[in-house]
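>>> What follows is a predicted structure for the sequence shown.
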Amino acid sequence: MESAAVKSDGLVIPLIDFSLFLDGTPEQRKETAQAILHGFQTAGFIYLKGLPITPEYRKHVFETSAKYFRLPIETKMSHCWTTPEANRGYSAPGREKTTTLLDHEDRSAERTNRATRTTGR
């Protein structure tokens, strides 16, 4: 039922066939749910295939998302989450911790290294 969408340097992100949950037997539904839970518990991410999402609908969702992020910052800030317990809604740039580096100079050096690796300069 499950294969790996990513398997590198000890990181395994499972690729799960969601159609087995939607259209499968009770046992397949349970196995799929367990695979999803296991993926979130171990990798923190999963990839799903077999979803009944059309390319047109996917395009609509991405266009809607882009439209939202073009809104004025004041509008987006009115949708911000206010406590970690209510962690849903808009999250302003810089609000979430995205690194374990504590020192500003270390973070700056990491950004420079990342940019160099990306651009080759």
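Yes, it's here.
>>> now the helix or strand containing R58: mean pLDDT?
Using DSSP states H and E, the element containing R58 is helix 55-69. Helix 55-69 shows a mean pLDDT of 95.
>>> For it, name the packing helices and strands.
Counting contacts by 3 or more CB pairs under 8 Å, 6 or more residues apart in numbering; DSSP states H and E, helix 55-69 packs against no other helix or strand. No exception for glycine: its C-beta is placed from N, CA and C like everyone else's.
>>> how does it look with 10 Å?
Counting contacts by 3 or more CB pairs under 10 Å, 6 or more residues apart in numbering; DSSP states H and E, helix 55-69 is packed against helix 73-77.
>>> mind listing what's buried in the helix it packs on?
Along helix 73-77, these residues count as buried under the neighbour rule (16 or more other CB atoms under 10 Å): K76.
>>> which other residues reach that helix?
Residues outside helix 73-77 that contact it (CB atoms under 10 Å, 6 or more residues apart in numbering) are Y68, F69, R70, L71, G89, Y90, S91, A92, P93.
>>> Buried among those residues? Need that as a selection in PyMOL.
Restricted to buried positions by 16+ other CB under 10 Å, the PyMOL selection for those reads:
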select buried, resi 90
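>>> Export the contacts of helix 73-77 as CSV, with columns for distance to V12.
Shown next, in CSV, are the contacts of helix 73-77 (distance: CB to CB, whole Å):
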residue, distance to V12
Y68, 32
F69, 31
R70, 36
L71, 37
G89, 31
Y90, 31
S91, 27
A92, 32
P93, 30
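>>> which among the contacts of helix 73-77 gets closest to E56?
Of all the contacts of helix 73-77, E56 sits closest to Y68, with 19.0 Å by CB to CB.
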